[in-house]
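Novice: coords below, sequence missing:
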């Protein structure tokens with residue numbers, strides 16, 4: 001069952017052809033099964049030559065939990081070919097993309113749970129940056145449960161990351177304000193404390209969650225800590241912009 005579901009999601013991503021929720025065809029699937037499915041497709045990607053460069057945390061804020069009707073965070077992986085290095089991205093590589101403003105953490109030191117704290121995260125972080133995450137669902141019409149999105153790599157699509165700034169003691173990430181603008185109109189605004197009280201708390205949560213899989217957050221990798229706002233749909237021709245206090249602005253055009 002797990003392999004069949006992983007295969008279906010792999011094909012859906014490859015062909016940009018969304019499928020019905022896995023929990024419809026396999027109603028017995030649980031969250032642990034979903035992470036096992038996610039790991040199957042991570043291993044398949046790595047075997048095909050991809051490199052693991054980061055992790056993402058999803059559903060960390062109340063707006064995102066409300067949007068998808070869940071009550072807990074989840075996590076996924078980010079591969080090298082998911083990082084957008086220019087100011088534009090081809091919309092056809094996604095099924096049904098949305099954008100979110102986030103803070104990315106670049107780790108200087110590894111973090112291994114259990115017991116990782118917010119202070120540990122700040123101590124291990126080399127730099128932080130404003131970022132736009134493109135979330136995407138291989139589940140048709142975004143009609144999904146927590147189990148479905150976890151199996152689908154936490155609805156990961158791609159990431160665009162702005163300038164990196166040293167993580168110094170004068171940064172107060174719970175108080176920074178993020179703005180999400182689409183085609184010149186602000187459609188979302190939130191503060192860092194919307195992300196589990198502190199974006200670094202989300203990173204600590206992830207490090208501790210990964211400990212259950214005997215996995216750590218590795219030095220040199222980055223972590224997308226979760227959205228400050230709800231996620232906005234984007235289509236070809238749109239320009240999305242994220243601005244985060246003290247961390248600057250980045251824009252992405254969907255071609």
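Specialist: Now that the structure is in, tell me what you want to look at. This one's a predicted model, so the numbers in the text were calculated from it and none came from an experiment.
Novice: Pull out the buried positions in the strand or helix carrying residue 130.
Specialist: Assigned by DSSP states H and E, residue 130 belongs to strand 125-135. The neighbour-count check on strand 125-135 (16 or more other CB atoms under 10 Å) flags 125, 127-135 as buried. Heads up, the C-betas are built off the backbone N, CA and C, glycines and all.
Novice: what does stretch 238-255 give?
Specialist: Residues of stretch 238-255 classed as buried by neighbour count (16+ other CB under 10 Å): 238, 240-245, 247, 250, 252-254.
Novice: Now do that stretch: everything it contacts.
Specialist: 84, 87-91, 97, 99, 101-103, 128-132, 134, 160-163, 165, 171, 175-184, 228, 232, 234-237 (CB atoms under 8 Å, 6 or more residues apart in numbering).
Novice: Next SSE downstream of the strand holding residue 130?
Specialist: Using DSSP H and E, the next helix or strand after strand 125-135 towards the C-terminus is helix 146-151.
Novice: helices or strands up against that next one?
Specialist: Packing partners of helix 146-151 (3 or more CB pairs under 8 Å, 6 or more residues apart in numbering; DSSP states H and E): helix 2-15, helix 22-25, helix 31-47, strand 74-79.
Novice: hmm, 6 Å instead?
Specialist: Packing partners of helix 146-151 (3 or more CB pairs under 6 Å, 6 or more residues apart in numbering; DSSP states H and E): helix 22-25, helix 31-47.
Novice: So which residues make contact with that helix?
Specialist: With contact meaning CB atoms under 6 Å, 6 or more residues apart in numbering, helix 146-151 is reached by 21-23, 29, 31, 34-35, 37-38, 70, 74, 139, 155.
Novice: Just put those in a markdown table and tack on distance to residue 221 and pLDDT.
Specialist: Converted to a markdown table, these look like this (distance: CB to CB, whole Å; pLDDT from 0 to 100):
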| residue | distance to residue 221 | pLDDT |
| --- | --- | --- |
| 21 | 30 | 95 |
| 22 | 28 | 95 |
| 23 | 30 | 94 |
| 29 | 28 | 93 |
| 31 | 23 | 92 |
| 34 | 22 | 96 |
| 35 | 18 | 96 |
| 37 | 22 | 97 |
| 38 | 17 | 97 |
| 70 | 25 | 68 |
| 74 | 18 | 94 |
| 139 | 27 | 96 |
| 155 | 20 | 96 |
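Novice: now the helices and strands packed on helix 146-151 as JSON lines including distance to residue 57 and mean neighbour count?
Specialist: Shown next, in JSON lines, are the helices and strands packed on helix 146-151 (distance: least, CB to CB, whole Å; neighbours: other CB atoms under 10 Å):
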{"stretch": "helix 22-25", "distance to residue 57": "21", "mean neighbour count": "18"}
{"stretch": "helix 31-47", "distance to residue 57": "14", "mean neighbour count": "17"}
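Novice: would you list the ones you listed in JSON lines and tack on distance to residue 212?
Specialist: Formatted as JSON lines, those follow (distance: least, CB to CB, whole Å):
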{"stretch": "helix 22-25", "distance to residue 212": "21"}
{"stretch": "helix 31-47", "distance to residue 212": "9"}
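Novice: Check whether residue 41 really touches residue 6, as I assumed.
Specialist: Yes: with contact defined as CB atoms under 6 Å, residue 41 reaches residue 6; the gap is 5.3 Å.
Novice: Show me the common contact partners of these two, please.
Specialist: With CB under 6 Å, 6+ apart as the test, residue 41 and residue 6 reach no residue in common.
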